[in-house]
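Student: below are the sequence and a predicted model; questions follow.
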Amino acid sequence: MLKNLSIKTRIPETAPVLAIRLAAIVSLFGLGLAGCGSPQQATNQSPNTASEASPASAASEKPKVLATSSVLCDVTQEIAKDTVDLTCLIPAGTDPHAYEPKPNDRKAIEQAQLILYNGYGFEPALIKLIQATKNSAPKVAVNEIAVPKPLKGEDHEHEHEAGKKAEAEHDHGEFDPHVWHNAQNGVRIVETVRDNLEKLSPNNAAQYTSNAQKMTSELTQVDSWIKSQISTIPANQRKLVTTHDAMGYYAAAYGIPIEGALQGISTEEKPTARRVKELVGEIKKAGVPTVFAEATINPKLIESVAKEANVKVSDRGLFADGLGEKGSEADTYEKMLIANTRTIVEGLGGKYTPFQPK
C-alpha cells in the first residue's frame, strides 16, 4: 500500500503560470461532476427499489416501508428483516446530494406506510417530494432525531452549477448531514429506526429489539476498533484532506483533524480558483502526506490539486456519502466504516489490523 510521503520543496512559479495551472484545475471540475450523480446499475439492497414495486402479493400485505439512502436501507433491513416490504430509493454507489427522483420514487413515497429519510438537507430533491406528498404516513428525519445537535458545515467558497436554482431546489442547509461516520451516532440511528418500526408493527417489537441490540453491539465494537486503528497513525501525519467536507463526524469522534476539503458539505458545490489555490497552500503548510478521493466523485479534480501540492492521492477511495455496491468491501453500514478506516490508516502511514468481531 502507500508509503509515507513528505512534501518536497518545489521551484516557485511565476504568478501567470500559477494562474494558468489553477484555471486548468478548476476547469476539470466539470469532469468531476460527470461522475457524481449518475446512478450505477448494481445496488446492494435485496429489498425493492422504487422501480421494482411488485403487484399485490404476500409481500405487499406487509407494512410498506421506504428508506431514501443506502445506509438507512441497510439499517432498516437488518432490524426489520422480512417483516416489512422495504423499498430503497437511492442506489448504493450513487451521490445522494445530486440524486434526481425517478417517476416511481414519487409513487413509492405516496404508498409507503413509514418514510425514513436522513434529513439535514442530505437528499434535497427527495426531501422536497417527501414534504410535498399528501400521504399521511409518518415521515421520519432519522438523522435529525438521532443527532439533534449536529456539526455545522464548513463555509467554503464555492459556486453552484450553472442553470441550477440552488436556493429554490437544493437547500443544503447549514448542518453537516453525514452523521453516520461516527459509529456512536450509528447506534442512535439504529435506535431511531427500531422505535419507528415498533410503532408501525407492534407485533414484531421483540424481534426488532433483538436485532437492534445485535447491531448496537457490533457498532460499539467497530467504534472501539476504529479508535485503536487511528492511534497507530503517527501523530504528525493524522491530517485529513478530502474531496468534499463529509468526514467531520469521523474526525471529531476519532481524533484526526481535517486540514481541508475542496468542496463543502454538498458535492454540488463548485470550488472557485481561489479555493483551489487555498487548499493547495493548506496541504503544503500542514505537511499532509496523502489526500483522499471519494467513491462517488470523479477523482480528477482532487488528483490535480494533489499534483499541484506535490502529494499523493490514496489508491483507495472513501465511501463518504453511502455504501458501496453489492459485493464490494463496503456494502453494509459496518463494512463501510471498516473500509474507510482501512483507507485512512493505510494512506496516512498507520498499521492496519483487520476488524475481528467478538
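Tutor: Ah, there it is. Numbers count the residues shown, from 1 in each chain.

Student: which residue ranges of this structure form helices?
Tutor: 15-27, 29-34, 70-80, 103-111, 124-132, 142-146, 166-169, 183-200, 205-230, 248-254, 273-286, 300-309, 333-347 (DSSP state H).

Student: residue 353: which of those is closest?
Tutor: Each of those was checked against residue 353 via Cβ to Cβ, and the shortest separation belongs to helix 205-230, namely 6.9 Å. (Each C-beta comes from the backbone N, C-alpha and C, glycine too.)

Student: what are the buried residues along that closest one?
Tutor: Of the residues in helix 205-230, those buried by neighbour count under the rule 16 or more other Cβ atoms under 10 Å are 207-208, 211-212, 215-216, 218-219, 221-223, 225-226, 229-230.

Student: from those, which is closest to residue 111?
Tutor: Nearest to residue 111 out of the buried residues of helix 205-230 is residue 208 (Cβ to Cβ; 21.9 Å).

Student: list the contacts for that closest one?
Tutor: The contact partners of residue 208, by Cβ atoms under 8 Å, 6 or more residues apart in numbering, come to 79, 80, 83, 194, 197, 198, 201.

Student: center of this protein, which residue is that?
Tutor: Taking Cα atoms, centre = their mean, the centroid of the chain lies closest to residue 321, which sits 1.7 Å from it.

Student: quick one: that residue from residue 98, how far?
Tutor: Residue 321 sits 10 Å away from residue 98, taking Cβ to Cβ, to the nearest Å as the criterion.

Student: low-confidence ranges, the stretch 201-350 of the chain, go.
Tutor: Counting by pLDDT under 70, the stretch 201-350 of the chain has low-confidence residues at 265, 267-269.

Student: go again using 90 as the cut-off
Tutor: Within the stretch 201-350 of the chain, the segments meeting pLDDT under 90 span 243-245, 262-276, 295-301, 304.

Student: quick revisit: close enough to count as contact, the residue nearest to the centre of the chain and residue 266?
Tutor: No. Applying Cβ atoms under 8 Å, one finds residue 321 not in contact with residue 266, separated by 9.8 Å.

Student: returning to what we had before: reformat the contacts of residue 208 as TSV; add distance to residue 242 and neighbour count.
Tutor: Formatted as TSV, these follow (distance: Cβ to Cβ, whole Å; neighbours: other Cβ atoms under 10 Å):
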residue	distance to residue 242	neighbour count
79	30	26
80	33	26
83	38	18
194	31	23
197	33	26
198	37	18
201	39	19
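
Student: what about the closest residue to residue 333 other than its chain neighbours, how many residues nearby?
Tutor: Excluding its sequence neighbours, the residue lying closest to residue 333 (Cβ to Cβ, 6 or more residues apart in numbering) is residue 74, at 4.8 Å. Summarising burial for residue 74: neighbours were counted as other Cβ atoms under 10 Å, giving 25.

Student: thought residue 74 was touching residue 335?
Tutor: No. Using Cβ under 8 Å, residue 74 is not in contact with residue 335; the gap is 9.3 Å.

Student: joint contacts of the two?
Tutor: Between them, residue 74 and residue 335 share the neighbouring residues residue 323, with contact defined by Cβ under 8 Å, 6+ apart.

Student: and residue 116, what are its bridge partners?
Tutor: Listed by DSSP bridges, the beta-bridge partners for residue 116 are residue 67, residue 140.

Student: for it, give me its contacts.
Tutor: Residue 116 makes contact with 65, 66, 67, 68, 72, 76, 140, 142, 193, 196 under the criterion Cβ under 8 Å, 6+ apart.

Student: and the fourth one, how far is that from residue 128?
Tutor: When distances are taken as Cβ to Cβ, residue 68 and residue 128 turn out to be 12 Å apart.

Student: okay, these two: which has more neighbours?
Tutor: It is residue 68, of residue 68 and residue 128, that has more neighbours when counted by other Cβ under 10 Å, with 28 against 15.

Student: how close does the more buried one get to residue 109?
Tutor: As judged by Cβ to Cβ, residue 68 and residue 109 stand 9 Å apart.

Student: again with residue 319
Tutor: Going from residue 319 to residue 109 by Cβ to Cβ gives 26 Å.

Student: these two: who's more crowded?
Tutor: The residue with the greater number of neighbours, taking residue 319 and residue 109 and applying other Cβ under 10 Å, is residue 319; the counts read 27 against 24.

Student: quick check: phi and psi at that one.
Tutor: Phi and psi for residue 319, reported as degrees, to the nearest 10, are phi -90, psi 90.

Student: also residue 247?
Tutor: Residue 247 adopts backbone torsions of phi -110, psi 20, taken as degrees, to the nearest 10.

Student: list the contacts for it?
Tutor: Neighbour list for residue 247: 178, 181, 240, 258, 318, 320 [criterion: Cβ under 8 Å, 6+ apart].

Student: redo those residues as a markdown table? Include neighbour count.
Tutor: Compiled in a markdown table, these are given as follows (neighbours: other Cβ atoms under 10 Å):
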| residue | neighbour count |
| --- | --- |
| 178 | 27 |
| 181 | 25 |
| 240 | 23 |
| 258 | 17 |
| 318 | 27 |
| 320 | 25 |
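
Student: farthest pair within those?
Tutor: Of all pairs drawn from those, the one with the largest separation by Cβ to Cβ is 178 and 240; the distance is 13.2 Å.

Student: what do residue 68 and residue 109 both touch?
Tutor: Taking Cβ under 8 Å, 6+ apart as the contact criterion, the residues that touch both residue 68 and residue 109 are residue 130.

Student: thinking again about what came up before, out of the helices of the chain, nearest to residue 47?
Tutor: Proximity to residue 47 (Cβ to Cβ) singles out helix 70-80 among the helices of the chain, at 6.0 Å.
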